[in-house]
Structures are given as C-alpha cells and as structure tokens.
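**Student:** Here is the input, now give the coordinates:
(4 chains)
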Amino acid sequence: MSAQNASSSLVLQAKGLSHRFPGGVAAVNGVDLEIREGEVVGLVGESGSGKTTLGKLLLHIIPPDTGRVAFEGQDLAELSPRERRRTRSRMQMIYQTAAASLNPGLTVGQHLEETVRLHRPEDAHRADALVDETLTAFRLNGKRALHPSQLSGGEQRRVVVARSLLPRPSLLVADEPTAGLDASVKADVIDLLRNARGGRTAFLFISHELDVVRYVADRVLVMYRGRIVECMPAAALDPRDTEVDHHPYTERLLSAAFKATRRVESPMIRPTEDLFKAGCSYRAACHRTEPDDPSWSRCSQHTPDLIPLRAGHRVSCHVVAPSPTEAS
Amino acid sequence: MGTRTRLVGRHIATFGGVVFVSSIVFGALVWWAPGSPQRIDAGAQLDQGFWGWLLSFWLGLIQFDLGPSYRGIPVDQLLVKGAIKSLPLIVLSMILSVGGSLLAVAIMGTRASSSFPLVRTAIHSISLVPVFLLGYLAVVLFAVPPDGVFQALAAIAILAVGDGMLTDIFLGIDDEVDQLLDRDFVHSARLRGVPVGPTLARHLALPLAQIAADKMAYVVGGVLVIEKVLGIQGIGWMGYRAATHHDFLLLLAITVAVTSLVAASQLGVDLVRLATDPRTTPNVSGQEVG
Amino acid sequence: MSDPILFTRDLWVRVHDPNGGGSPIAVVRGANIELQRGATTCLVGESGSGKTVLMRALLGISGARPGVTAGTAWARPDGSEFPVPLVGPRKRWRGRALPSLRPGWAGYVFQHPSHSLDPLLRVGDQVGASVTIAHSGLTPAAVKRRVLHWLETVHLPNPEAVAQLFPHELSGGMAQRVAIAIALATEPDLLVADEPTTGLDWSVRRDIVDLLGELCRARGMSLLLISHDFQVVEHIADQLYVMFRGELVEDGPRRAFFEPGPGSHPYTRELQARSRALEEGSSPPRLHLAEQPTSSGAGCVYAHRCPWIREPSPERSALGERCRSVRPPDFRPSSDHRVRCIAVGEPT
Amino acid sequence: MTLSSLWTQRHRQDQMGPVSVFGFGVLIGLVGLRIAAMFVDSSPRLGLQDEQLLPAMAGPSWDHLLGTDQLGRDLLLRMVDAVEAFFLPGLFACLVAALIAVPTGAIAGYWEGSKGAAVLRGLLTMISAWPRLVLVVVVVAIFTGSVRDPAAWAEVRLYLLGGLVGLSYIPQLGGAVSERVQHFRREQFVEAARAHGLSDRRILLWHILWANCRHLVLRHTCTLFGAFILVETSLSYLGDYGVPPPRPSWGNILAGVRHSVVHSRSLMASSDSWSPAGLWGGVEQAIQHGGLLGVLAPTIAIAVSIAGVLALAEHYARRDRP
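**Tutor:** Down below sits the predicted model:
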C-alpha cells in the first residue's frame, strides 16, 4: 500500500487511447491514464467493458487506433519492434487464463530458463540456480520438470506470476489473475503479487471482483463500455459504506456484494437511441435518471467528463458530479 | 441472412476454384510431359497451343461434348459409362462403412470402445490390409466370379473395409460419441429424462459428414485399385487404361471428374455445417471481448 | 424432524489409477449426506475435493472416467423410499439417470453455463423439452406459454426474444439463467447447482445466488449448492457440509457455522478466515502447501495443512503424531453438528 | 492430487505400452531388413543360382526357408530384397512432405488473417482434393510411361512415386500443423509469449514447432510411410507403374504367384474331408506345391509393416495429446 506520492516518477502515461474492434464497436474510448512507480491501480468493470483491451493497449500488445502511450518517458509507438521487445522486460502482462498462456509443450523449468536468458542475460551463467531460487520463492519446488497440464490451477497461476516477475518489471498488467481460482488459492496468489519486488513494481490490476481489488489496489478505476467512469482511492470502494457518492454503475457493482447494505436492482435496459453517438453510455441502465427527468437531456446529449468530487476521487456522471460550467 | 448467403457463395466459389485450378495443373502435366499428345496424337489439336487446347476442353466440359477419345469413342460417353459402375461402389461402400461403424458403436453402447480391446484389434487388423490385397484374396482364395452381383458386392465390402477405412471411420465416430456423452448438456438431458437419441443424432451428423468426406479421396483411389483387380469397367479401370494407352483427353476428363467429386463432398460438408450449426454465421450484434 | 429427500450412507467413489496398475484411488470416502426437504444445503470445499464427483455419481451423470462406487443411497420423493442405483464413473452410456424416480425429479445446474446448453438448439426448444417432460400431451401453444413463463421466472428480460436465440448469442449471466430455467421446467423436487457463479461476472454472482434461493423458497424445492466460496455459502445456506480431499470433515446447520459456539474444524476456520479477510480487506492467513499429504489412508486428511499441527500452541503440542496416524473420530458438539477432528473433540 | 490432474496424467502416459513396443519392434525389423537387403542379390536370372536350376514353386526346405517362386527364385531372399523398393523412397516421401508442409502449415496458421496464408490454404485445399492414387498413376504414366526400358528407370520412378505421395500428403500434415498453430493463437499463449518479449521467430520455431508440433509431425510421418508402403505395393501388384518385374517388391511377388495359387486353391479344395487333419493335409499340399507361402509371406509382411508403422503413429499420437 505505498502511498500515492506525487513526487515519485511516472512509469506510464497514456493519453486519449481508443481502440475499435473490426465490428465497429469501440472497446476502449478515449482513456487517459497515469501510473506511478510502485503504485497499484485497480481496474474494475464487467466482462465486455474493455478492461482487457485497455491493458493490452497500454503495453502496446495491440496498437491503439488513436492516442499515445509513453512508458518511462518513451513513446511506445515510436520504437522499432526490436526495441519494443527489449522494453518488454520492464513491462509484463499476466493473462487471464494461466493454462492458456503457458506453453503446454514446455516444462516449468524451460519457461523460466527462457525468461532468464532473454531478460536477464547478465544472470545467464547462473540461470539454473536462479530458476531454482524462483521456484522455491513461489513454492513450486519439485515442479520444475512438469508440464503445465500436470499442475493445479493455483500452481499454473504461480508459474505465470513467477515468469512475469523474473525480468523485474517496473510495470505489470495483471488481467484477472484470480479468476476461476478457489477462495483459498486466490488469497495466495494475491499475496504473491503484493509482495512482489518489495513494492517497486507498479501494477495495473484488472478484475471484476471488487473485494479483491479493494484489498490489492491503492487507487481504483471503474470502466464501463470503454470509458473510465470513476476514479477513486481504494478505500472508497466499500459496499457497506453508504456515505460516499459513486457513479451509478459503481453503485450497482457495489450492491452486488453479499454484504452490501444497499441494493440496486439489476437494470432493465431501456431502449435508447444509439448509445455510442453521444451522451452517457450508462444512461440506458441508469437508476439515477429516467427519460422523464430534467437531467435526461444532458445525459443523452453530452458525454460527461471526469469531475473531481473530492481529493483523488473523480466521477463522470451528470447527476452525481455535475460539471461546474453547466451547473452555473 | 445475408451473411449466410455470402458464406454459401464463398464455399461454392472455392469449389469452382479448386476444380478450375486442378484442371489447369493436370492439363499442363498432360500437355508438357514427355509422351504428351504432341507425340501420341500428332496432328490433332496441336495448332491451338496449350491454352487453346485447355479452352476447348473447358468449353467441351460445359457443353458435355468432349470429343472423341484416343480410340474414337466419345469421352463423355465413356465417362458416363464408367460413372454408372463406379458411383454406386463409392456411395454404397461409404454407407456400409459409416453404417457398420455406427452399428458397432451402438452395440458397444454402454462402454467406450477402449474397454473392448479385442473388437478394436479385430477392426484394426482387418482394416489394415490394403484394398488390392483384399481384392486379391477375394479372387484367389474365395473365387469371386468375374462378373455380376457378387463381384460388385465384394468390391463394396472391400472398399468399405480396406486401406484403413473402417478403422478411421469407426474410431472417428467412437471418439466423437465419447466426447459427446461427456458433455454437460447430455448429462443434463439424461438427468431430466429428455431423450438423448435426437441430441446425439444432431451432434453426430456433422462429424459423420466430415469424416466421410475426408475419406472420399481414399475411396476414389481404392476404386481405381479394386476395379483393376476385379476387372470392373468403371472410372478407375478406365483411368488406368487411359494412362497406359496415353489417352490423355480421357485421362484429363477423368481426373477432373474425380477431383470435382472429392471437392464436392467437401463442399457438401461446408453446406451441411452452414445449415445445421448456428455458430457458423457470426453474431450480428458483435460480441465484445472483456 | 429430519425429513431428507435424498440421503446416502457411507458412499465411496473410487477412480482407477489411470496409469494402469495399482488399486483404485478413492476420490470420495464414506460420505454421509442428508438433503432436507425444502432446505438449502451447501457442499463446500476447494476444487479437486470431490464435491462434483460425489453429486454426479449420486445422480448417475458421471463422465466416462473409469471408476467404481460403493455404499448406499436412497431417495424419498414423497415419503416412500427408493434406493438410488449408484453408478460409478465407468460406463459412458447408461440410459436415463435415476430410473426409479419420475423423469425430471432432479435438476442440475452446471458450472459453465455455456457447456450445459445444447449449442445447436434454440433456447426456447431446450426449455420446451423440459416442459414436455413435466407435462406430456401439451399443445405447442401451451408448451410455448410455459416456456415463456419459465424464462420470466428466472428474470430474463424480453423472454420472447430470448427464446429465439441460440446459446452462443447469450452472455454468461443470461446463459446461466437459461440453464436454471431448463432445470426448473421439469418442476424438480431437488435442484443441484454446481458452482453456478464461478465463471460469471462479480456483478451477476449475487443475482444468480439470490435467484436460486428465492426460487427454492417459493417452490418448496430442495437446493444443493456446491461451492468453494464461503461468501456465497454464508449468504444462502441452511445446512452445510465441508469436504476436504474426499472426506466430509464437518457438517451441521447454519448456526453451528456462523454463530459463536463450540469448535469448528480447522479447515472450516481456514475457509471462513479467507473469505472474511477479503471482505474486510485484511491479510488472509497464509496457505501451507509445501508439505505433501500422506499417501496412505491413515490419519486426518487435513493433517498436512493443519495450522494446529504446524504451529502447535502449548495446549495442542501433543497432537501432531496422533493426527497423522490415527483416523479422527466424529465429534458431535450438538445433536446435528458433527466435526471430524481429534483436537476439537478433546477440548483442553 | 486432484481428480483432474489424475486425468491429465492418463493422457500423458510416457511409458511404452504394447502398441509402442510393437511399433518400434517393426521399425527396427524394417531397418534390419533394409540393411540386409544391401548384401542380398535376389534376382539371379531365372533361378540360375550357383549354376543349378532350382525347381519352381518348391515348398520350404532348409536351403530355401520359404521355398521358391514361380521362376525358381528363393522367396526369402526376394522378400528381403523387396524392402529396398519402399524403404528409402518412403523416407524420401516423408522428407518431401515434412519439408514443404511444416513451413507452409506454420505460416498459414501463424499469420492467419494475411493474404498469403489464404493463398496457401487454398493450395492445400486443392491438393487435398486430388485422390492420391489417381494422382500417382497419372503422373507416373505421363512421365515414365513412354520409357522404353522400365527396369533402368525403376529407381527414378520409385523416387518420383515417393515425391508424389509426399506431395499428396502435404494437405494433411500442413493442415494439422496449421490447425495446431491456430489453436495456440486462439489459446493466447502465443500472444502471451509475445507480450513477454519473445520474437516471432523464436515463438514459431521453438515454442510452437519444436515444443508442440514435434510429435504431431512424427506421427504424420509414420502414417505417411505406411501410406507409401500401401501405394508402392498396390502399384507393383497392378503392374505398369510400380516396381518393374525383375526387381522384387512385395506387391509384384504376390502378382507373380497369382496364377499358381489358383492351382493351390484346388489342392486345398481337393482334400474334401472336413476333419482338421484333412484340412491341414490340403494346406500342407498347397504350401509344398502350390506356392501358398508366396501369398502368405508378402501378405503378412505388408500387413505387419503397415500395422507397425501405424502403431508408431499411435505412439506419437499419445505423446502428442495437448
């Protein structure tokens, strides 16, 4: 939980990122994002909200349609493929399905040795010992000669985490690293990630499980249909706390927790005009506004900006956080 | 609906392309190879050049008048004569092989075939024997009479079994049934008491068609051999003779016919898939990826 | 007072050692389960503990894996008892499951909604097939009415349109609702939901669990929820079974788990602590996975992970050897609460 | 150990089952025979071996373990020598198929969406529509049919045969490789490896081809070798396009004794008693005078070789299961 320190340097800076799928649907729509050194940023949202795509855009695994990403001050788009490959030792990604992101034909040991040779050439002479150390650190002793399919789900996940932390990255995008895991194993993986590199690695922690994100992250972004709709300190993401104002979508997410004190009904999607042209994209499911309300015209015509509610908390909603210019 | 029509169109176009390009390839082989028509059939059609010759072949194909073969009999007539003898062999042996495999799987029914090592071994070992050997044994050891119904029946049976046909089809179906019976929706149907038969049939139709179509090229090869061994005057027998007699026009026609048959069976599978599987046409709303 | 709808005595499921030789490996060992009529029972345990195997073997829908079963089970659909034929996961095809009971007596909601729907059939037809099991001889129009009714029951928006869709056109949450509708349409007395929320979005998770609970209450149906998530269990359970490595280490009514009282099994405590830690944002207890379990059947199944043996407190210092070698007896803190642990049984 | 991990281990049984033992046994046997064939000259002209004329269609004896054929040549020697007809050309077929199909399939699968991949896939579709045997007959007929002295061209023809069978197998092997590669692309691990900082070349060569397609390729190579034995013996049996007669092939040995065997059948039939002893007498007669061994030996040899090679394919298929 390293405190957000303004003086610490920026690891990653993204401006106006957008990406469309071939079908024409915008997966990511004008996202700005900054990640500082050692910071853990949580990214929540339901499936289909574009979380994964955003993660891949940030690491330039998918080139963005518009917008730029600067990693440690370098514009990723301007690097040659070879240079970008070299940069990857400092920015790593953990994919959602561990089993699918490991090579079924290679052993655990081969995976890690390759990483050492590739990203830590200075340690290549003691690769063998280094791999053993890593395996011990991730409690994978005795698994070195096994293939991924011979491991349990939690063990596979630990291999993936070990592989992405071995290059000592300064940024790690973890896409649903706990999805599909048992509650007990989940906690285990989270701990491994949190203790990684003594807090020097910055994380983008993508998940739809609010409790996990709240536990892991310093700062949380909420994503809906390709847009960041809310940005807040992790502590504000408490289902039992009704004091704090949230974006209506976040409210609905929070109310889905079993311990939630207030319950927002799951939305009946109203037929609305084209959601993607203009206006707030959540208005079709929003419980804070109705087509009869006076605020509706604003919601359907202007895309809301991220407006600061208080320190470190910004919401993009005309109802909860009316923009100062329009209110006046 | 538009996407579906487009997909059908694309498959048909692929089929046409395969036949078209194949005819060019085989035509070129026939034209430029040593022992080509220039030497054998001197004078005839030489002045047109390769493309002219091929063009006249295509035109003939469309009008169904390919002109006389080396011996003067019209090629199309020969082709029809051969096809009448060969097509039943191909179709019936395919039906026999698929039907037999289905029957075997149904009889084993309650257990996976892996728990019947003897049956598996028997199917394997019979099916391993090449078609020509089976034909040979039929002629030599069992004295199949040289013409008539028995000969045709023997040919069908041999084609259905030999060259690994039965093994491949049987194991393919068995595997498919195995996987299908372990799917959750089949478990769910069994628990609810919904009859499982129709579900199985629906899900087996496509793999069956696929397996059969994949074996088509082998059956065609087998037909060539078995017709030669048993002396049935079908397409394979004619093709073999045309090759030995350097009757290149007939050879080209037969090759193109056979190739289109195999390609058509693949086209059939594609069309069956389009018709039965709703997943083949992309979701119109466009799935977003999380 | 106890009126079980389905119960087992000493149920074993063994799986043949896949590498050929050797004796079969027991994946469920001597399970005694009673599912109460109209109550919600939860079967908790981490993946690989044998929860799914147990229920599938009991309902006769296990996969094509080679295996054997032993033990007895009875179903009491309406007061009279029927033995349930136990079929091990051996044969790939056994005709109808639970043949002595009426078709559709039990329903099953699987872990992955996309797997439990037939990809080639429209949603409406799949629900319709279930409807015709419950009521034979309905006119097509009547079947359609009931199909729409069931789709509405599971809170699907615009059931008419949904009925026309194919499974691949549904989102995960919708597909799971359809799967529930399919299971419900046979009007079952018992519904088994096997990790129904694992593959789903967090925001849909509670909706599905609430829906299941609400339906069962409204219809007087028994629900068995298989889960690894104590948050889900705490939300809905009337009766709990905790399973670890094939053994039911603890069972009892809700109050025995969520109200202060005499001891719980250390494994149950571990599960609860983890779930609570996540909810409260505190650090969860560390998992000790380094030690391998003993291969022989002797001793407590949890011994290799048990914190009471690993870090023994003064009063529990003598436990280790006994826990590893002696099969723990059942201890009953109260008449309906059972814990299989030496340490709990001998409070110090 | 969880149930699922138990299950995956079943598919990963690395130890040799009876199938693998049989497969490797046959492989070693074939290699042994091929080496022996280098030291054997089985076609002394018309049985003029050691300046003495052997009787035609003789039964087995100590000098000639399998007896002689219709021209009085030692059958055993011919059987051994016949391995030459398919062994190296068969390997050549495998080489042709692997060298063309693996890169093609890998490219078509890896750069799935590109135009080049579409063209490659179209080519594969087209070749797969050409029936193997028809293709071979046509091409061999065209290229060597008009040759005056077939014996002199035998070697060339065999390798042409090998090349063609290999060519006709490309769609299967290429399709399997490209399907495997596509599967991995969809399964994300390729993208994950790229995000990890690996180059495309390393991913394709090491991660996909070596680590995951090795067994697949070996498996298909074995099947192809079996297919080549099948094609070679079939064509040699039919005459004209296979191994020309003075050179032995299991196929033309069969064809050679064809006529005598009709006689042997009548020998068997003549023992009209149904008792086992009577039947055995008939079989014995057929072996001694009718050249039954000339039928049985090649038949068994062909079936066992193909079975062995396919067993080897099965062995690799088991190791291949992802």
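
**Student:** Give the rounded mean pLDDT of stretch C:185-198.
**Tutor:** Stretch C:185-198 carries an average pLDDT of 89.

**Student:** Endpoint to endpoint, it covers what distance?
**Tutor:** Distance across stretch C:185-198, first residue to last, is 23 Å (C-alpha to C-alpha, to the nearest Å).

**Student:** Indicate whether it makes contact with chain B.
**Tutor:** Yes: Stretch C:185-198 reaches chain B (C-beta under 8 Å from any C-beta of the partner chain) through residue C:186. Just so you know, the C-beta spots here come from the backbone N, C-alpha and C atoms, and that holds for glycine as well.

**Student:** which parts of that stretch are buried?
**Tutor:** Buried residues in stretch C:185-198, counted by 16 or more other C-beta atoms under 10 Å in any protein chain shown: C:185-198.

**Student:** Of those residues, which is the nearest to residue D:256?
**Tutor:** Nearest to residue D:256 among the buried residues of stretch C:185-198 is residue C:194, at 66.6 Å by C-beta to C-beta.

**Student:** Going by residue numbers, what spans are helices in the chain?
**Tutor:** If you meant another chain, say so; for now it's chain A. A:51-58, A:81-87, A:98-101, A:108-119, A:127-137, A:153-165, A:183-194, A:210-216, A:248-255, A:296-301, A:324-327 (DSSP state H).

**Student:** The intended chain is chain D.
**Tutor:** D:3-11, D:18-38, D:75-81, D:83-110, D:115-128, D:132-144, D:150-186, D:189-195, D:200-202, D:211-238, D:250-256, D:258-270, D:276-290, D:292-320.

**Student:** Show me what the third one is packed against.
**Tutor:** Right, the one you point to is helix D:75-81. Contacts defined by 3 or more C-beta pairs under 8 Å, 6 or more residues apart in numbering or on different chains; DSSP states H and E place helix D:75-81 against helix D:18-38, helix D:250-256, helix D:292-320.

**Student:** Please apply the same query to the fourth one.
**Tutor:** Under the contact criterion of 3+ C-beta pairs under 8 Å, 6+ apart, the helices and strands touching helix D:83-110 comprise helix D:18-38, helix D:115-128, helix D:150-186, helix D:211-238.

**Student:** which of those helices sits most buried?
**Tutor:** Counting by mean count of other C-beta atoms under 10 Å in any protein chain shown, helix D:211-238 has the highest mean neighbour count of those, with a mean of 24.

**Student:** And the average pLDDT for that one is what?
**Tutor:** 89.

**Student:** Geometrically speaking, which residue is the centre of chain A?
**Tutor:** residue A:206 (3.0 Å; C-alpha atoms, centre = their mean).

**Student:** Quick check: closest non-adjacent residue to residue C:54.
**Tutor:** Of all residues not flanking residue C:54 in the chain, residue C:28 sits nearest, at 4.7 Å (C-beta to C-beta, 6 or more residues apart in numbering or on different chains).

**Student:** hang on, the one you found packs against residue C:8?
**Tutor:** No: using C-beta atoms under 8 Å, residue C:28 makes no contact with residue C:8, being 9.7 Å away.

**Student:** Give me the more crowded residue out of these two.
**Tutor:** Neighbour tally, residue C:28 and residue C:8, criterion other C-beta atoms under 10 Å in any protein chain shown: the higher count belongs to residue C:28, 28 against 22.

**Student:** packing partners for the host helix or strand of the more buried one?
**Tutor:** Using DSSP states H and E, residue C:28 sits in strand C:25-31. Here strand C:25-31 touches strand C:4-15, helix C:51-59, strand C:67-75, strand C:247-253, going by 3+ C-beta pairs under 8 Å, 6+ apart.

**Student:** If we use 7 Å, what do you get?
**Tutor:** Contacting strand C:25-31 under the criterion 3 or more C-beta pairs under 7 Å, 6 or more residues apart in numbering or on different chains; DSSP states H and E are the following elements: strand C:4-15, helix C:51-59.

**Student:** Of these, flag the one that's most buried.
**Tutor:** On a mean-neighbour basis (criterion: mean count of other C-beta under 10 Å), the most buried of those is helix C:51-59, at a mean of 25.

**Student:** Work out the gap between that one and the centre of the chain.
**Tutor:** The chain centroid and the centroid of helix C:51-59 are separated by 8 Å under C-alpha atoms, centre = their mean, to the nearest Å.

**Student:** where in the chain is pLDDT low?
**Tutor:** Chain wasn't specified; assuming chain A. A:1-8, A:23-24, A:197, A:266-277, A:325-328 (pLDDT under 70).

**Student:** Sorry, I should have been clearer: chain C.
**Tutor:** Where chain C drops to pLDDT under 70, the residues are C:1, C:16-23, C:63-68, C:87-95, C:262, C:283-297, C:347-348.

**Student:** next one: the stretch 151-290 of chain B
**Tutor:** For the stretch 151-290 of chain B, the stretches with pLDDT under 70 are B:281-290.

**Student:** neighbours around the closest residue to residue C:12 other than its chain neighbours, how many?
**Tutor:** Spatial nearest neighbour of residue C:12, excluding adjacent residues (C-beta to C-beta, 6+ apart): residue C:70 at 4.3 Å. Residues contacting residue C:70 under the criterion other C-beta under 10 Å number 14.

**Student:** and chain B, which of its residues are near chain C?
**Tutor:** Contacts of chain B with chain C, taken as C-beta under 7 Å from any C-beta of the partner chain, map to B:109-112, B:178, B:181-185, B:187-188, B:190-194, B:199, B:202-203, B:276-279, B:283.

**Student:** how about the nearest residue to residue 134, chain neighbours excluded?
**Tutor:** With no chain named, the answer covers chain A. Excluding the flanking residues, the one nearest residue A:134 by C-beta to C-beta, 6+ apart is residue A:162, at 5.3 Å.

**Student:** not quite, I wanted chain D
**Tutor:** In space, residue D:134 is closest to residue B:258, 5.6 Å off (C-beta to C-beta, 6+ apart).
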